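>>> 3D, please:
(one chain, ligands or ions: 1)
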Amino acid sequence: MAHPSRNTRPTHGGNVAWAAQIANCSPHGLLDFSASVSPLGPPPSVLAAIQAGIAALSRYPNPTYGALRQALGAHHGIDPDWVVPGNGAAELLTWIGRDLAALDATALITPAFADYSRSLRAFGGRPHPCPLPLEQAIAGMVDWQAVLQHSLPLQRSPQAWGLLVNTPHNPTGLLIPADVIASWLDQFALVVVDEAFMDFLPPEQQQSVISLVADHSNLVVLRSLTKFYSLPGLRLGYAIAQPERLQRWQQWRDPWPVNTLAEIAAIAALQDSDYQQATWRWLPPARAALATGLQAIPGFLPCPSVANYLLVRCDGQGSAQSGDGISGPDLQHRLLVNHHILIRDCLSFPELRDRYFRIAVRTPEENGRLLVALREVMGWRGVRVEGCEGDGVMG
Ligand SMILES: Cc1ncc(COP(=O)(O)O)c(C=O)c1O
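So this is what the prediction gives:
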């Protein structure tokens, strides 16, 4: 089957303009599972706050972002001076990359979010891959200490190395326990923990390391409002670290990196506990039903994710029915052309090659539609998928 050449493929999910050309439909006609963004849509309270705040566009934002830092500090129970908002977490990754590039090398658990390499290389930094054993990941049994131990050079100086990790990890959705991350703090000059998806866990299940920042000047925690509040177009993320580091970054940035409406929207989002509760009610059963439906398709092995997305091995290897597999790009192409559904192929995670795909967890109805389409593509019929409302019996 002919596919668009690899260099035209998007590096990130959510590129519906690219996908619509292949599907031969309008971007609005696509059901997008490729971007790991909440399907609940932006909170109505945020949209109302943006509308009410439109008049503020005629003024520059306050360059200290005092009100927003106050709200973020209150949300996490920390001093507002220890928080800095950014134009998405991606903008803050750039300044993190500049700090990390001053070190000999930066350990990355791979597969890793593509933007880590971008930010490191922008300043001549040196990424050092620490491969995640994929069999362990699919089984949900990763020995995180061993992942680093097996890949770091024995002779390296802890004072000259950085570590950039992501928990829950993208693309596997696995959680790195906070005590494991804590044990890495004295082994690296700088430890950056990207918690862009942590909000999706109910508070009592989160494994955030924000509380460790007070005692560790070498720790930076990164957060994003993009995924949880369904606001990818707004661009709002933030970093938590000791104030000296954040003040240094301020000297490198443009004076108003966060726009006025993003500041207003973020303050409203953080206060919306009804929306937060609705997310925690929706996700666990929707994800469990989707995973069950995927497991029932011969050749598919989903990773046991705690986040709002599932990584699925699809080449048929390692499953009871080996030989029933398909490549991720092939599956993506068929779903686009035949069903106007966009999934994420994993070619931009080089370690995963064409053997995996990643999907966001969406509403039960949308997840049911995806399962019907997947089963049709895989040419298989007849199993009832509990909890996926679609049309009940799939196929
Ligand atoms: C792990 C991870 N960190 C950070 C980001 C960037 O988030 P933002 O939209 O806030 O720039 C993403 C976006 O996909 C991500 O997957």
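
>>> State the number of residues packed around the residue of the stretch 51-200 of the chain found nearest the ligand.
Taking C-beta to the nearest ligand atom, the ligand has its nearest neighbour within the stretch 51-200 of the chain at Gly88, 2.8 Å off. Where you see a C-beta, it was placed from the backbone N, CA and C, and this is true even at glycine. Neighbour count for Gly88, taken as other C-beta atoms under 10 Å: 23.

>>> Correct me if wrong: it contacts Gly233.
No. Using C-beta atoms under 8 Å, Gly88 is not in contact with Gly233, being 10.0 Å away.

>>> if we can go back for a sec, grab the nearest non-local neighbour of the residue of the stretch 51-200 of the chain closest to the ligand.
Sequence neighbours aside, Arg235 is the residue nearest to Gly88 in space, at 4.2 Å (criterion: C-beta to C-beta, 6 or more residues apart in numbering).

>>> ok, the one you found to Gly66 distance?
20 Å (C-beta to C-beta, to the nearest Å).

>>> When these two are compared, which one has more neighbours?
Of the pair Arg235 and Gly66, Arg235 is the one with more neighbours under other C-beta under 10 Å, namely 19 against 11.

>>> Contacts only, for that one.
By C-beta atoms under 8 Å, 6 or more residues apart in numbering, Arg235 lies in contact with 87-88, 91, 226, 258-259, 262.

>>> Spell out the secondary structure type for it.
What DSSP: H, G, I helix; E, B strand; the rest coil gives for Arg235 is coil.

>>> pLDDT at it, what is it?
Arg235 carries a pLDDT value of 98.

>>> With Thr11 instead?
Thr11 is assigned a predicted lDDT (pLDDT) of 73.

>>> quick one: it and Ser348 touch, right?
Yes. Taking contacts as C-beta under 8 Å, Thr11 lies within contact range of Ser348: 4.7 Å.

>>> who touches both of those two?
With C-beta under 8 Å, 6+ apart as the test, Thr11 and Ser348 both reach Ala114.

>>> Up against the ligand, what does this protein have?
Residues of the chain lying near the ligand by C-beta under 6 Å from any ligand atom: 88-90, 113, 166, 170, 194, 196, 224, 226, 232, 237.

>>> Where neighbours are concerned, which of the residues you listed has the most?
Asp194 (28 neighbours).

>>> Give me the contacts around stretch 205-219.
Stretch 205-219 has contacts (C-beta under 8 Å, 6+ apart) with 76, 78, 82, 167, 175-178, 181-182, 185, 188-193, 195, 198-199, 201, 220-221, 240-242, 244-245, 306.

>>> Filter those residues down to just the ones in helices.
Cross-referencing the contacts of stretch 205-219 against helices under DSSP state H gives 76, 178, 181-182, 244-245.

>>> which one among the residues you listed gets closest to Leu103?
Distance to Leu103 across these (C-beta to C-beta) is lowest for Arg245, with 13.8 Å.

>>> how deep is that closest one tucked in, by neighbour count?
Counted with other C-beta under 10 Å, the neighbours of Arg245 add up to 19.

>>> give the contact list for it.
Taking C-beta under 8 Å, 6+ apart as the test, what Arg245 contacts is 99, 217, 220.

>>> now those residues: which count as buried?
Buried members of the contacts of Arg245, counted by 16 or more other C-beta atoms under 10 Å: 99, 220.

>>> Need the residues that contact the longest helix anywhere in the chain.
Taking DSSP H as the criterion, the chain has its longest helix at helix 273-295. Residues from elsewhere that reach helix 273-295 (C-beta under 8 Å, 6+ apart): 38, 40, 43, 45, 199-200, 202, 228-229, 269, 300-302, 304-305, 308, 310, 312, 359, 361-364, 367-368, 370-371, 374, 385-388, 394.

>>> Ok, stretch 164-171 next?
36, 96, 100, 106-109, 111-113, 116, 120, 132, 174-176, 181, 191-198, 200-201, 207, 305-307, 309, 311, 344, 346, 349, 352, 356, 358.

>>> Off-centre distance for stretch 140-160?
Mean-position distance between stretch 140-160 and its chain equals 23 Å (C-alpha atoms, centre = their mean, to the nearest Å).

>>> Same question for stretch 255-275.
Here stretch 255-275 is found 20 Å from its chain centre; the criterion is C-alpha atoms, centre = their mean.

>>> cool, stretch 108-128 as well?
Between the centre of stretch 108-128 and the centre of its chain there are 15 Å (C-alpha atoms, centre = their mean).

>>> Span of that stretch from start to end?
Across stretch 108-128, the terminal residues are separated by 6 Å (C-alpha to C-alpha, to the nearest Å).

>>> and the one helix or strand Leu270 maps to, what does it pack onto?
With secondary structure defined by DSSP states H and E, Leu270 is part of helix 260-271. With contacts taken as 3 or more C-beta pairs under 8 Å, 6 or more residues apart in numbering; DSSP states H and E, helix 260-271 sits against helix 44-52, helix 66-76.

>>> Pull out the buried positions in that helix.
Of all the residues in helix 260-271, those buried under the rule 16+ other C-beta under 10 Å are 260-271.

>>> how many degrees apart are that helix and helix 44-52 in direction?
In terms of direction (axes from the mean of the first three to the mean of the last three C-alpha atoms, to 10 degrees), helix 260-271 departs from helix 44-52 by 150 degrees.

>>> contact partners of helix 260-271?
With C-beta under 8 Å, 6+ apart as the test, helix 260-271 has contacts from 42-43, 45-46, 48-50, 52-54, 56-57, 59-61, 65, 67-68, 71-72, 74-75, 85, 87, 225, 229, 231, 234-236, 275.
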